[in-house]
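Undergrad: give me a 3D structure for the following:
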Amino acid sequence: MERMRGALEKAKMLVGMDVDEEATPQQEPSFFDDFNRDCTLSTQQRLYGFVTCLVAGLACTFLSMLVFFRPIKFGITFTFGNLLALGSTAFLIGPKRQVDMMLDPVRIYATAIYIASMIIALFCALYVHSRLLTLLAIILEFGALVWYSLSYIPFARSIVSKIMASCFDTEF
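TA: Below is the predicted model:
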């Protein structure tokens, strides 16, 4: 029964509902706790923020395909779209929980590579002005985005790894 209660509390936390106060131990408030308390949104406001950021992010990502042959503009719009889409989930679950989930040991490396690839793509596009480096950084960013997204689906990364290993494990 305790296991079911713990699973229910985790599900409540994932969708942004409050968990029973006696079930959670009291901790010293952090910056994110103060930020979450000061920026409380209603469920409707959270959904509007989520949909707005997600639609804007997807629009930027898809519109970046129009400038695909101009890698610098493509890199900027693609990365900005990814940032908006990533930030949209903070409306649903809150910024503290978003950061906690991103820094979870299961996905810490995927998060670090994803954020680093976005920074590298923007650096190559805005400061280096190299089309080739920007294109390579965008390829790295896309791969990191896929791997980061798969970290939220149970066993997805191990399945994809096994499929890729079996596809490329051929003898000639």
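
Undergrad: with just CA atoms, put the helix or strand harbouring Y109 into PDB.
TA: Per DSSP states H and E, Y109 falls inside helix 108-123. Extracted in PDB, the C-alpha atoms of helix 108-123 (Å, rounded to 0.1, in the frame of the first residue of the first chain):
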ATOM      1  CA  ILE A 108      22.300  14.400 -16.500                       C
ATOM      2  CA  TYR A 109      24.700  13.500 -19.400                       C
ATOM      3  CA  ALA A 110      22.000  13.900 -22.000                       C
ATOM      4  CA  THR A 111      21.000  17.300 -20.600                       C
ATOM      5  CA  ALA A 112      24.600  18.500 -20.500                       C
ATOM      6  CA  ILE A 113      25.300  17.500 -24.000                       C
ATOM      7  CA  TYR A 114      22.000  19.000 -25.200                       C
ATOM      8  CA  ILE A 115      22.600  22.300 -23.500                       C
ATOM      9  CA  ALA A 116      26.300  22.400 -24.600                       C
ATOM     10  CA  SER A 117      25.300  21.600 -28.200                       C
ATOM     11  CA  MET A 118      22.800  24.500 -28.200                       C
ATOM     12  CA  ILE A 119      25.500  26.800 -26.900                       C
ATOM     13  CA  ILE A 120      28.000  25.600 -29.500                       C
ATOM     14  CA  ALA A 121      25.500  26.000 -32.300                       C
ATOM     15  CA  LEU A 122      24.700  29.600 -31.200                       C
ATOM     16  CA  PHE A 123      28.400  30.300 -30.800                       C
END
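
Undergrad: in that helix, what's buried?
TA: 110-111, 113-115, 117-118, 120-122 (16 or more other Cβ atoms under 10 Å). For every residue, glycine as well, the C-beta is placed using N, CA and C.

Undergrad: now for the very next helix or strand once past that helix, which elements pack on it?
TA: Beyond helix 108-123 on the C-terminal side, the first helix or strand identified by DSSP H and E is helix 131-150. The contact analysis (3 or more Cβ pairs under 8 Å, 6 or more residues apart in numbering; DSSP states H and E) places helix 131-150 against helix 71-93, helix 108-123, helix 156-168.

Undergrad: mind doing that once more with 6 Å?
TA: With contacts defined as 3 or more Cβ pairs under 6 Å, 6 or more residues apart in numbering; DSSP states H and E, the packing partners of helix 131-150 are helix 71-93, helix 108-123.

Undergrad: would you mind giving those helices as TSV with distance to C167 added?
TA: Shown next, in TSV, are the helices and strands packed on helix 131-150 (distance: least, Cβ to Cβ, whole Å):
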stretch	distance to C167
helix 71-93	26
helix 108-123	21
